[in-house]
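> Just need the structure, nothing else, for what follows:
(one chain, ligands or ions: 2)
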Amino acid sequence: MKKTYVLCPLLLLTVTGRAQVSEATREKPNVVFIYADDIGYGDLSCNGSRTIHTPNVERLAESGIRFTNVHAAAATSTPSRYAMLTGEYAWRRQGTGIADGDAGLIIRPERYTMADMFKDAGYDTGVVGKWHLGLGDKQGTQDWNQVITPGVRDLGFDYSFIMAATGDRVPCVFVHNDMVENLDLSDPIQVSYKHNFPGEPTGKDNPELLRMHPSHGHNQSIINGISRIGYMKGGKKALWKDEKIAETLTEKAVGFLESHQDRPFFLYFATQDAHVPRVPDARFVGKSGMGPRGDCLLQFDWSVGQILDALKRLGLDKNTIVILSSDNGPVVDDGYKDEAVELLGNHKPSGIYRGGKYSLFEAGTRVPCVLSWKGRIKQGQVSDALLCQIDWMASLAEVIGVRLPESAAPDSEAHWEAWTGKEKEGRNALVVQNAQNNLALLMGKWKYLRPGRGEAYIRSVNIETGNSSDAQLYDLEKDPSETMNLAEKEVGVKARMEELLEEIVDGRYGLPLY
Ligand code: NG6
Ligand code: CA
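Ligands and ions are numbered 1, 2, ... in the order given. Next comes the predicted model:
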């Protein structure tokens, strides 16, 4: 049993057994997360980019607060999402690196999650979109032809319509409430991350079958003319159509809103844009002038507009907190020849920041972030507060009146005043991680990158990782692009930050005060 503390009476049972919502609960704000994939700080026009126009995100930003110093907890998807949904730094847990498509459930059912928290406040909870935190209790031997359990329902989500992992990983199917959507038992789904299935073509051996070629990796099973990571056979009726992923997910998210006009809800809407493979719908093809990557940014903006329009149409816009962000920084060539590099022009996905996805430098984790709560928080604000997605849990707990169980969300800090612009300052200190699990500490204007192993530069994606065997220290106020390493000059600062980071890592510092 999960131990929870609820501050007010929430649910009343009718004679039919259907949970009815009390007045106190009904008045609680709905919460919608719009969580992009690989969209960088410089990828949205609300952050000053003039090479792309994303009006719906601008509209959201103008109606609330835009953050310039919000971080994902990690520079890749799985650890970022793990941290965001549990309030625990992912580097504290083994097995939270980029997950295969057939990984077992990474967040264990016993763990108290963001969705559990909303359930304890009497909310209905839903997740739509990219999951990438594993499913089921088997690592690599998942049976996709039956109920997949444990699943997101065991983590507090009542409703789910998800992609198990990423667009570039098999199985290329949607999972709806723990079952593959359009499953056909006469054509069972088989998945392996070790061996191909006899006779099945691959991108490596059958490039003539491809409509989009890999630039690195991504040369295994071919689905819809695109080779992926991992091998898959069967499930023809269940396969998603890449150009329709955004539309399908957006429809499901809007459907969830439509069915929750009278009950408080939490919706985690995780788009696949602009992750690879980038296959936008025909409506967006050629619209950005930057090829599929830019077109997917426009498609993302469209999805945002659909959510905002639906909230308005349903009369939910005044009582809904909308938070938009991205799981990690941007990457241009992430493994497919989709002309993202050739057509980039002057567009700077990372903005002024160094690095990108996978990186410990700022662009790895400093991501777009906007929060809006119409009528409740001031419009048109900009905040430089240092905050992290990991803080949504403790911060929102206050808003919805839940006291988190003692062991829950150990690294999440409650900063609702900062999220709403009433406070200028956010966190005192924040730890971020890159793809090689190297860590950096952000504190005020200082950033300390702990020495660690791994290559300094990943040629295939053209990104500097921030890995170095030497300590690095940057003054982000004077040098936001991290060009001057001050570790040798500011020895005292470096030593204090090094020590503090070690304290956080071994748990002596930073336990939140609930
Ligand atoms: C990498 C993939 C990349 C992307 C990433 C995960 C190769 C060569 N590269 O391993 O394309 O899928 O994993 O991205 O396979 S994330 O945003 O979901 O973390
Ligand atoms: Ca990502």
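> What is the helix or strand hosting residue 496 packed up against?
Element membership for residue 496 (DSSP states H and E) is helix 491-505. Other helices and strands packing on helix 491-505, by 3 or more CB pairs under 8 Å, 6 or more residues apart in numbering; DSSP states H and E, are strand 430-433, strand 439-443, strand 446-449, strand 472-475. Heads up, the C-betas are built off the backbone N, CA and C, glycines and all.
> can you rerun that using 7 Å?
Secondary-structure packing of helix 491-505 (3 or more CB pairs under 7 Å, 6 or more residues apart in numbering; DSSP states H and E): strand 439-443, strand 446-449.
> For the next helix or strand after the shortest one, which outside residues touch it?
The element immediately downstream of strand 446-449 (helix or strand, assigned by DSSP H and E) is strand 457-458. By CB atoms under 7 Å, 6 or more residues apart in numbering, the list of residues contacting strand 457-458 from outside reads 358, 464-465.
> and with 8 Å instead?
Under the contact criterion CB atoms under 8 Å, 6 or more residues apart in numbering, strand 457-458 has outside partners 358, 463-465.
> Just give the strands next to it in its sheet, each with its orientation.
strand 463-464 (antiparallel) (DSSP bridges).
> what's near enough to touch the closest residue to residue 465 other than its chain neighbours?
Nearest in space to residue 465, with sequence neighbours left out and distances taken as CB to CB, 6 or more residues apart in numbering, is residue 359 at 5.2 Å. Applying CB under 8 Å, 6+ apart, we find residue 359 in contact with 75, 329, 434-435, 463-466.
> Poorly predicted segments of the chain, please.
1-23, 26, 510-514 (pLDDT under 70).
> thinking again about what came up before, of the contacts of strand 457-458, which pair is most distant in space?
358 and 464 (9.3 Å; CB to CB).
> which of these two has more neighbours?
Shown here are residue 358 and residue 464; by other CB atoms under 10 Å, residue 358 has more neighbours (27 against 20).
> In TSV: the helices and strands packed on helix 491-505, plus mean neighbour count and distance to residue 197.
Shown next, in TSV, are those (neighbours: other CB atoms under 10 Å; distance: least, CB to CB, whole Å):
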stretch	mean neighbour count	distance to residue 197
strand 439-443	23	40
strand 446-449	24	44
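> okay, those strands in JSON lines with distance to ligand 1 next?
As requested, the helices and strands packed on helix 491-505 are exported to JSON lines (distance: least, CB to the nearest ligand atom, whole Å):
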{"stretch": "strand 439-443", "distance to ligand 1": "17"}
{"stretch": "strand 446-449", "distance to ligand 1": "20"}
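> helix/strand/coil for whichever residue of the chain sits closest to ligand 1?
Ligand 1 sits closest to residue 217 of the chain, with a gap of 2.6 Å, by CB to the nearest ligand atom. Assigned state for residue 217: coil (three-state reduction, DSSP: H, G, I helix; E, B strand; the rest coil).
> now the strands for the stretch 51-200 of the chain?
65-67, 70-71, 124-130, 159-163, 174-176, 179-180, 190-192 (DSSP state E, counting those that start in this stretch).
> Same question for the stretch 251-400 of the chain.
265-270, 320-326, 369-373, 381-383, 387-388.
> Off-centre distance for the last one?
Here strand 387-388 is found 14 Å from its chain centre; the criterion is CA atoms, centre = their mean, to the nearest Å.
> partners of it, with directions?
Strand 387-388 is paired, per DSSP bridges, with strand 70-71 (parallel).
> And for the first one?
Taking DSSP bridges as the criterion, strand 265-270 forms sheet pairs with strand 30-36 (parallel), strand 124-130 (parallel).
> now the helix holding residue 496 against strand 439-443, angle please.
Angle of helix 491-505 versus strand 439-443, following axes from the mean of the first three to the mean of the last three CA atoms, to 10 degrees, is 110 degrees.
> Counting neighbours, show which residues of helix 491-505 come out buried.
Neighbour counts using 16 or more other CB atoms under 10 Å place 493-494, 497-498, 500-501, 504-505 of helix 491-505 among the buried residues.
> now do stretch 258-265
So for stretch 258-265, counting by 16+ other CB under 10 Å, buried means 260, 264-265.
> Tell me the gap between it and the middle of its chain.
For stretch 258-265, the distance to the chain centre is 24 Å (CA atoms, centre = their mean).
> which residues are contacting it?
Identification of contacts with stretch 258-265 by CB under 8 Å, 6+ apart yields 21, 25-26, 28-31, 121-126, 256-257, 310, 314-316.
> Buried only: go through the residues you listed for me.
Buried among the contacts of stretch 258-265 (16+ other CB under 10 Å): 21, 25, 28-31, 121-126, 256-257, 310, 316.
> Give me the distance between the closest residue to ligand 2 within the stretch 151-300 of the chain and residue 288.
Among all residues of the stretch 151-300 of the chain, residue 275 sits closest to ligand 2, at 5.7 Å; criterion: CB to the ion. Residue 275 is 16 Å from residue 288, where distance means CB to CB, to the nearest Å.
> Give me the more crowded residue out of those two.
residue 275 (25 against 22).
> what sits against the more buried one?
Contact partners of residue 275, counting by CB under 8 Å, 6+ apart, are 37-38, 130, 166-168, 334.
> from the residues you listed, which are also near ligand 2?
Filtering the contacts of residue 275 for neighbours of ligand 2 using CB under 5 Å from the ion leaves 37-38.
> Just name the closest of the contacts of residue 275 to residue 386, please.
residue 38 (22.4 Å).
> Tell me, how many residues neighbour the residue nearest to residue 382 when sequence neighbours are not counted?
Closest residue to residue 382 apart from its sequence neighbours, by CB to CB, 6+ apart: residue 66 at 5.2 Å. For residue 66, the count of nearby residues is 24 (other CB under 10 Å).
> check contacts around residue 66.
46-47, 369-370, 381-383.
> got it, and residue 348?
Contacts of residue 348 by CB under 8 Å, 6+ apart are 42, 49, 51.
> Thought residue 43 was touching the second one, still the case?
Yes - the pair residue 49 and residue 43 passes the contact test of CB atoms under 8 Å, sitting 6.6 Å apart.
> shared neighbours, the two?
The contact lists of residue 49 and residue 43 share residue 347, where a contact means CB under 8 Å, 6+ apart.
> out of those two, which sits in the busier spot?
Higher neighbour count among residue 49 and residue 43: residue 43, with 30 against 21, using other CB under 10 Å.
> Please report how far residue 176 lies from residue 183.
The gap separating residue 176 from residue 183 is 9 Å, by CB to CB.
> and what of residue 52?
38 Å.
> again, but for residue 105
Taken as CB to CB, the span from residue 105 to residue 183 is 19 Å.
> And the two? Which one has more around it.
residue 105 (23 against 18).
> what's the nearest residue to that one once chain neighbours are set aside in contact with, if anything?
Once flanking residues are discounted, residue 105 sits nearest to residue 134: 4.8 Å by CB to CB, 6+ apart. When contacts are counted by CB under 8 Å, 6+ apart, residue 134 touches 99, 103-106, 164.
> Surely residue 63 is in contact with residue 379?
Yes - the criterion here is CB under 8 Å, and residue 63 meets it with residue 379 at 5.5 Å.
> the more surrounded of the two?
More neighbours surround residue 63 than the other of residue 63 and residue 379, with 19 against 13 (other CB under 10 Å).
> Pull the contacting residues for that one.
372, 374, 379.
> any chance of those residues in JSON lines, with distance to residue 222 too?
Compiled in JSON lines, the contacts of residue 63 are given as follows (distance: CB to CB, whole Å):
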{"residue": "372", "distance to residue 222": "42"}
{"residue": "374", "distance to residue 222": "46"}
{"residue": "379", "distance to residue 222": "48"}
